[in-house]
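S.K.: I'll drop the sequence and a predicted model, then ask my questions.
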Amino acid sequence: MAEQRRSPQAPPEDPTRRRFLGYLLAAPTLAVGVTWADAVFGADEAEAAIPSPPQPENLFDLGDLQNLAALPTSGLIGVQVNEDGTASFALHRTEVGQGITTAVAMMIAEELDLPIDKVHITLADARPELLMNQLTGGSNSVRSIFTPVRTASALARQQLRRTAAAQWGVPEGEVTTNDGVLAHRSGRTATYGSLAKAAASDRTVQVSVTLKAVTDFKVLGKPQNRIDAHDIVTGRKRFGLDLQVPDAKPCMVRRPPTINGTVRTVRNAAAVKAMPGITDVAVVKYGVAVRGETFGQCIDGLRALDVDWNPGTVAGESDATVLAKLKQAQLPLVAPALGALSVDAEFTFAFASNAPLEPDNAIADVRSDRAEIWSTLKVPIDAKQDIAVQLGLPADKVVVHVVPGGGSFGRHLFHDVAAEAAEISQKMGKPVKLSWTRTDDFRQGRTHPMCVSRVRATHLLGNVLTYEQRHVSSETSFSHGLGEMITSTAASLPIAGNYSFAQTIFLLTQSVPYDFGVTTQLLNEVPLRFNTGSMRNIYSPNVVCARELVVDRLAAKLGKDPIAFRREFLKDDRLRAVLDEAVAVGQWGRALPKGVAQGIGLHTEYRGAVAVLVEVDCRPETVNRPIRDGVTGPRVTRATVVVDAGLPLNPRGLDAQMIGGLNDGIALALTSSLHIKDGIPLEGSWDNYFYTRQWNTPPDVRVVVMPPTTGNPSGAGEIAVAAAFAAVATAYGRATGTMPTSFPINHSTLSFEPFPLQPSTPASPTDGLDTAF
Amino acid sequence: MAQHTFVLNGARVTVEVADDVRLLWVLRDILGVTGPKYGCGLNVCKSCTSHINGKAFNPCSVPVSKIKETDEITTIEGLPATVGRDLHPMQEAWLEEDVSQCGYCQPGQIMAAVALVRKAKAEGRQITDADLDGLRNICRCGTYSRIRTAIKKGAARM
């Protein structure tokens, strides 16, 4: 066995003891700013030196790329202390449920020594001076924010202590802080609020500070509930559609019967404009917009439109035609060595939707000389620049506000809905609150494209000699800030050659954690003009599911228990540790009835490691249990998720992300997909697109967050999806005795009656009182 | 345009709007009550779940003309007042279990949970796993297991 292992121990020198630089800013109350350049690489220097197998992801992953891209920026991010004793921070990331605002509030509370309920986090508007720092994606937010935010907070606390020491005439070292109060042993105390003005600087000066050692943390590392939880459970949290902007009336769009179709003629625009509540009708790039007093009247209006359409960009495509194109584009596998035995397998993954529950929406108020936009945007700078060009305005005349989102899962990396709202507002000459309808979200919204993964592994005398994976996918769009990031850092990346954005991302996210000899994983793409984008965990759910199924096959061929086989071939000690924990907590090998089986999935990415062990019940009485308008099928009855997040900052938030990732993985394995027919998905509601529901979620879920293994937090928002998908797939294979090769497993059956393609949005029902309970 | 009167979160309201406009838009777009969310408008996702005379229903699928003057509509905003407290026990359980992620579905989840527990209690029984399996509210963040735990906890205090 080769000795190429990723070291599990903390780096020898605790980097948090370095001194970090920042600035006291000229401001009315204490304000501190830090740049990214100093702080970002503190975390990863140690990792770059670790001997590694030749796959790029081990040396340098997507998060490192994002950190590298962040270096040249000049923009400051900063913490402000207010006279009411609170601290404020405008976060240059987007909260979409992943808990980044809570994690950041914890960092500030920790270093500032302030109760967390006195930390106010808002989302920053688009700030072009931050360049690539304002991108929420790739599970990179905590990794890149951890040091700068703590530095700013520590500088603020240091300045408060210095101010108190000067006022009291005592040495700074004798001033202590606790819960927002400064104190001296003489009995003197002062609240942060009372010194907020005195501690302010009248000019910008550079200062340095030492951060707390991890072992001194009082807030970070402890379970913390979400800071927005109270607003959520009382209905007070404001999402985009809840905002009130003067005269921004509801607006929806009648859409074409194929993806990206365009309007040929509208026969009755004037009649629709005269309908009750309707104020405006306008033809836009991909449809006809209707503005009115209520969204309900917009639905009536768009349904009443009589429109002829030009075909869209994939008008002739269906599942079968896309699959045929993918198979033609497969890159060749190397023939097995003479005498070696091989495992060959090919897996197909259907189109999937990254639609969140909150439909895509944006408010736009476009005037002749300026524009203002509100939307959930993970790359707001990109939105600002694109929309400015689209409107013919200078970028500095377009203000882009970032609104917390009701989920994202990759959808909000793009600003399609914000650009469309701007187009409509400009054409109507009025502010609009645009919402896509649910059907729009599934049928015209971005998707995770269909892909085929072919794997060949060869083995001889108990050793695996080669592992080759050839992944071919319908093209995934990276035409947002991540693409720019790759272009600007291409020369610094440890992968040679003229790769596309997609191939670069693939190489920076994929690796095989087993000692399987000569290992190659390659991506090829077929350029079809579907609306695509990253979906939570991008390529990994498909690639890892295929790999873990083949690992099970290899184990069987070599006559080994799947767990014992993995333990023997793993080259990553952190992964081996989470595997062992999952085996213990999930009770691998316990007696189960025929038709019920366990499965395991492992994944390492974002400098973290995860193991998922599930039990799947495939007995007919379970598979066929009746649920009105829902698919049932096999049920995951028990799930154990074990995560090594490096340095876990909020175990409760991590636990939440693992539960979410688990349910995503279950959906991808068993139930959720889009069926493409004649250029459009058939799915139009959540009773067509079968994301995991209560009747399919495991009643027994156990999550274990491992103790710290490194000095730095890993990415956590996506990592569980791939391992969960793989675990369910391997369990299903074991329960049924047949390795599944097409996902989700119910895709071949169309389990619903599709809504008509026209009008593009169904009428809302009128019998809602009949289902009251 | 017709006038429509009903009781919303304990107060009588009158709106002037066409008969067939679904109650969700009357609440959100005319009255500015935004706790009930739009997730599909098809009575599927259940993120607008509110109560009519104490029963869970989805205002996206009820024309305002079907609401009678005496009907009491309760949205998440009015839930605590139904028990005369700052927070309903189900909301407290939601906080203790830290159920929410993005939060978009959670007002509807809580309203559905309260109705489910009331129904079970009226039938003289405890909430079962089968009851929980029957909840249709989508949570796209996948918070289901915490929802299940919170409902059991909230039920014990209702």
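M.R.: Alright, I've got the coordinates. Residues are numbered from 1 along each chain as shown, chains lettered A, B, ... in the order given.

S.K.: can you list the buried residues in the longest helix seen in chain B?
M.R.: Ranked by residue count, the top helix of chain B under DSSP state H comes out as helix B:106-122. Residues of helix B:106-122 classed as buried by neighbour count (16 or more other CB atoms under 10 Å in any protein chain shown): B:106-120. (Glycine included, C-beta is placed from N, CA and C.)

S.K.: all helices for chain B, in order.
M.R.: Using DSSP H, helices in chain B cover B:23-25, B:89-96, B:106-122, B:129-133, B:144-156.

S.K.: how about the contacts made by B:Lys46?
M.R.: Going by CB atoms under 8 Å, 6 or more residues apart in numbering or on different chains, B:Lys46 touches B:39, B:58, B:105, B:108-109, B:112, B:136-138.

S.K.: repeat the analysis, applying 6 Å as the threshold.
M.R.: B:108, B:136-137 (CB atoms under 6 Å, 6 or more residues apart in numbering or on different chains).

S.K.: pull the number of nearby residues for the closest residue to it other than its chain neighbours.
M.R.: Distances taken as CB to CB, 6 or more residues apart in numbering or on different chains place B:Asn137 nearest to B:Lys46, at 3.9 Å, with adjacent residues excluded. Applying other CB atoms under 10 Å in any protein chain shown, we find 26 other residues in the vicinity of B:Asn137.

S.K.: kindly report the same for A:Asn537.
M.R.: 31.

S.K.: do A:Thr163 as well
M.R.: Neighbours of A:Thr163 (other CB under 10 Å): 22.

S.K.: please apply the same query to A:Asp573.
M.R.: Counted with other CB under 10 Å, A:Asp573 comes out at 16.

S.K.: what of A:Gln167?
M.R.: Counted with other CB under 10 Å, A:Gln167 comes out at 15.

S.K.: pretty sure it sits in a helix.
M.R.: Yes: under DSSP: H, G, I helix; E, B strand; the rest coil, A:Gln167 sits within a helix.

S.K.: is the longest helix of chain B positioned near chain A?
M.R.: Yes: on the criterion CB under 6 Å from any CB of the partner chain, helix B:106-122 is in touch with chain A at B:106-107, B:115, B:119.

S.K.: can I get these in a markdown table including pLDDT?
M.R.: A markdown table is the format used below for the residues of helix B:106-122 next to chain A (pLDDT from 0 to 100):
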| residue | pLDDT |
| --- | --- |
| B:Gln106 | 98 |
| B:Pro107 | 98 |
| B:Ala115 | 98 |
| B:Lys119 | 97 |
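
S.K.: residues touching residue 87, list them.
M.R.: Since no chain was named, I'll use chain A. So A:Ala87 contacts A:79, A:81, A:108, A:112, A:114, A:119 (CB under 6 Å, 6+ apart).

S.K.: I was thinking of chain B, sorry if that wasn't clear
M.R.: With CB under 6 Å, 6+ apart, B:Leu87 has these contacts: B:Pro80.

S.K.: try it again at 8 Å.
M.R.: B:Leu87 touches A:233-234, B:80, B:95, counting by CB under 8 Å, 6+ apart.

S.K.: distance of it relative to B:Ala112?
M.R.: Distance, B:Leu87 to B:Ala112, by CB to CB, to the nearest Å: 17 Å.

S.K.: ok, now A:Met739?
M.R.: Counting by CB to CB, the gap from A:Met739 to B:Ala112 is 39 Å.

S.K.: try A:Asp580
M.R.: Separation of A:Asp580 from B:Ala112 (CB to CB) stands at 40 Å.

S.K.: so for residue 71, what's the pLDDT?
M.R.: Using chain A. For A:Leu71, the pLDDT comes out at 45.

S.K.: you looked at the wrong chain, it should be chain B
M.R.: pLDDT, B:Asp71: 98.

S.K.: for it, which non-adjacent residue is spatially closest?
M.R.: Of all residues not flanking B:Asp71 in the chain, B:Phe6 sits nearest, at 5.0 Å (CB to CB, 6+ apart).

S.K.: bridge partners for that neighbour, pull those for me.
M.R.: Taking DSSP bridges as the rule, B:Phe6 bridges to B:Val13.

S.K.: show me which pair in the contacts of B:Leu87 is furthest apart.
M.R.: With CB to CB as the measure, no two of these lie farther apart than B:Pro80 and B:Leu95, at 12.4 Å.

S.K.: could you check how far the residue nearest the centre of chain B is from B:Pro59?
M.R.: What sits nearest the mean C-alpha location of chain B, by CA atoms, centre = their mean, is B:Ser50, with 2.7 Å. B:Ser50 is 6 Å from B:Pro59, where distance means CB to CB.

S.K.: what of A:Gln444?
M.R.: Distance, A:Gln444 to B:Pro59, by CB to CB: 26 Å.

S.K.: for B:Trp94, same thing?
M.R.: Applying CB to CB, the value for B:Trp94 to B:Pro59 is 21 Å.

S.K.: more neighbours: which of these two?
M.R.: Applying other CB under 10 Å to B:Trp94 and B:Pro59 shows that B:Trp94 carries more neighbours, namely 30 against 27.

S.K.: hmm, the more buried one is touching B:Ile151, no?
M.R.: No: counting by CB atoms under 8 Å, B:Trp94 stays clear of B:Ile151, with 9.2 Å between them.

S.K.: my guess is A:Trp168 meets A:Thr189, correct?
M.R.: No: between A:Trp168 and A:Thr189 there is no contact under CB under 8 Å: 10.0 Å.

S.K.: residues in contact with stretch A:173-188?
M.R.: The contact list for stretch A:173-188 (CB under 8 Å, 6+ apart) reads A:85, A:113-115, A:118, A:157, A:160-161, A:164-165, A:168, A:170, A:189-193, A:195.

S.K.: which parts of stretch A:566-575 are buried?
M.R.: Within stretch A:566-575, the residues scored as buried using 16+ other CB under 10 Å are A:566, A:568-575.

S.K.: whoops, I mixed them up, stretch A:313-333
M.R.: Going by neighbour count (16+ other CB under 10 Å), the buried part of stretch A:313-333 is A:314-315, A:317, A:319, A:322-323, A:325-326, A:329-330, A:333.

S.K.: what about A:Thr345, helix or strand, and which?
M.R.: No Thr there; residue A:345 is Ala. Taking DSSP states H and E as the criterion, A:Ala345 maps to strand A:341-349.

S.K.: can you check A:Val704 too?
M.R.: strand A:700-705.

S.K.: where are the low-confidence patches of the stretch 351-500 of chain A?
M.R.: In the predicted model, the stretch 351-500 of chain A carries pLDDT under 70 at residues A:480-499.

S.K.: switch to 80 and redo it
M.R.: Low-confidence segments of the stretch 351-500 of chain A (pLDDT under 80): A:478-500.

S.K.: in it, which spans are strands?
M.R.: Taking DSSP state E, counting those that start in this stretch, the strands of the stretch 351-500 of chain A run over residues A:352-353, A:361-366, A:371-375, A:398-402, A:432-435, A:447-448, A:451-460, A:463-474.

S.K.: chain B: which of these is closest?
M.R.: Of all these, strand A:432-435 sits nearest to chain B, with 6.9 Å by CB to the nearest CB.

S.K.: pull up the pairing partners for that closest one, direction included.
M.R.: Strands adjacent to strand A:432-435 in the sheet, as given by DSSP bridges, are strand A:249-254 (parallel), strand A:361-366 (antiparallel).

S.K.: export those strands to JSON lines and tack on mean neighbour count and distance to A:Trp436?
M.R.: Below are the strands paired with strand A:432-435 laid out as JSON lines (neighbours: other CB atoms under 10 Å in any protein chain shown; distance: least, CB to CB, whole Å):
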{"stretch": "strand A:249-254", "mean neighbour count": "28", "distance to A:Trp436": "7"}
{"stretch": "strand A:361-366", "mean neighbour count": "27", "distance to A:Trp436": "7"}
